[in-house]
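>>> Structure for the following, please:
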Amino acid sequence: MSVWFQDDWGCNLTNGKPTQALRLTSELLRDLRSLNVVVFHPQDKDGEMLLQQLERIGCRTSQFWPPRPELSELTDLIFLSINPEFNVAEYAWFNSENCPPIIAVVAYENPTIVNLALKIGVKGVVACPIREFGLLTSMVITRQCFKDIAEGRKRIQRLERKVAGVATVYEAKRILMASKKISEEEAYAILRDQAKSKRVEIEVIAETIIYAQSIMSI
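Numbering: from 1, shown residues only. Below is the predicted model of the structure:
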C-alpha cells in the first residue's frame, strides 16, 4: 500500500521515495540552499521573520538598511523593502545587466509602489506581513523567470548577430560580383574558400572585403 506524506519542505513522498517531479523539487531546494541572499529591509518584525524563513531554507543571508549603493559580486538574490521614499537614481545596480533577481517586499499596494517596482526591475513580490507560506514558491518562481529572461536575451543576441552576419555576407558578395563580374554563387564560393583556407568564419572574410572596399573608395 502506498504511503503518502510530506517531508520537512512540504514535498510529497510515496513509500518514502521521491517521484521524478519531487527529484526536480529537491534539486531546486538544493539550489536555494546554496544562495547568497541579501535582505534590504528594516530590522523590524517582518525583517526578522524574513531572515528566519531564509535561514530555515538554508540560505546564506545578510541584512542591511537602507540599501547599499553597491552589491557584492557574490549576491544571488535580493529581497528589497519598497517604500515611496526610494530614490531609484541612488542605486546604480537597479536594472543593471549584472543585477541579480530582486523580490520586492511590500506592505501595501498603490500606483506609486507598483510604478517604483517596475522602475527597479523586480522579478517577484512578497507581501507583508511576512508569513511562512509562499516565500519558498516566490523564490523558486522568481529565479526561474530570471533564468528564462536571461536565456531569452542570449537567444535574441545570437539571432541579431546571425542577421547582421547575413547582411555582411550579402554586402561582400555584392562587392565581389561588381568588381569581378561574377555570379552570386561564384562570389559566395570565393568567400567560403577564403574562410576555409584561413580557418575563420565567413563573416570575418566578408567584413575584410567590405573594409577594403571602403578604403579603396576613399
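>>> Going by neighbour count, which residues of stretch 138-156 are buried?
138-140, 142-143, 146 (16 or more other C-beta atoms under 10 Å). (C-beta placed from N, C-alpha, C; glycine too.)
>>> what's the helix or strand containing Leu80 packed up against?
Applying DSSP states H and E as the criterion places Leu80 in strand 77-81. Under the contact definition 3 or more C-beta pairs under 8 Å, 6 or more residues apart in numbering; DSSP states H and E, strand 77-81 sits against strand 36-40, helix 45-57, strand 102-106, helix 135-180.
>>> Tell me where this structure is predicted with low confidence.
Across the chain, the ranges flagged by pLDDT under 70 are 1-28, 218.
>>> how's it carved up into domains?
By the assignment in automatic domain parsing, the chain contains the domains 20-133, 154-217.
>>> Between the two ends of the last one, what distance do you get?
End-to-end distance of domain 154-217: 36 Å, with C-alpha to C-alpha, to the nearest Å as the criterion.
>>> re the thing from before, could you list the paired strands of the strand holding Leu80 along with their orientation?
Strand 77-81 has these partner strands in its sheet, going by DSSP bridges: strand 36-40 (parallel), strand 102-106 (parallel).
>>> Nearest residue to the middle of this protein?
Ala150 (3.5 Å; C-alpha atoms, centre = their mean).
>>> From Lys123, how far off is it?
As judged by C-beta to C-beta, to the nearest Å, Ala150 and Lys123 stand 11 Å apart.
>>> which residues sit in contact with Ser138?
Contacts for Ser138 were tallied using C-beta atoms under 8 Å, 6 or more residues apart in numbering; they are 103, 124-126.
>>> Narrow the residues you listed to just the buried residues.
Neighbour-count burial (16+ other C-beta under 10 Å) applied to the contacts of Ser138 gives 103, 124-126.
>>> Gln63 - that's part of a helix, no?
No - under DSSP: H, G, I helix; E, B strand; the rest coil, Gln63 sits outside any helix and is assigned strand.
>>> Burial check on it, number of neighbours?
17 (other C-beta atoms under 10 Å).
>>> cool, and Gln43?
12.
>>> sorry, back to before: list the buried residues of the strand holding Leu80.
77-81.
>>> thinking again about what came up before, and the buried residues of stretch 138-156, which two are the farthest apart?
Ser138 and Phe146 (12.1 Å; C-beta to C-beta).
>>> Could you single out the nearest of the buried ones among the contacts of Ser138 to Lys198?
Gly124 (48.9 Å).
>>> can I assume the closest one is in contact with Pro101?
Yes - the pair Gly124 / Pro101 is scored as a contact, 7.1 Å apart, by C-beta atoms under 8 Å.
>>> Quickly list what's touching both of the two.
142, 145.
>>> wait, which of the helices and strands packed on strand 77-81 is closest to Ser72?
strand 36-40 (7.4 Å).
>>> Now the closest one - C-alpha only, CSV.
Provided in CSV are the C-alpha atoms of strand 36-40 (Å, rounded to 0.1, in the frame of the first residue of the first chain):
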residue,chain,number,x,y,z
ASN,A,36,23.8,34.2,-1.0
VAL,A,37,20.7,36.3,-0.3
VAL,A,38,20.9,40.0,0.6
VAL,A,39,17.9,41.4,2.5
PHE,A,40,17.5,45.1,2.3
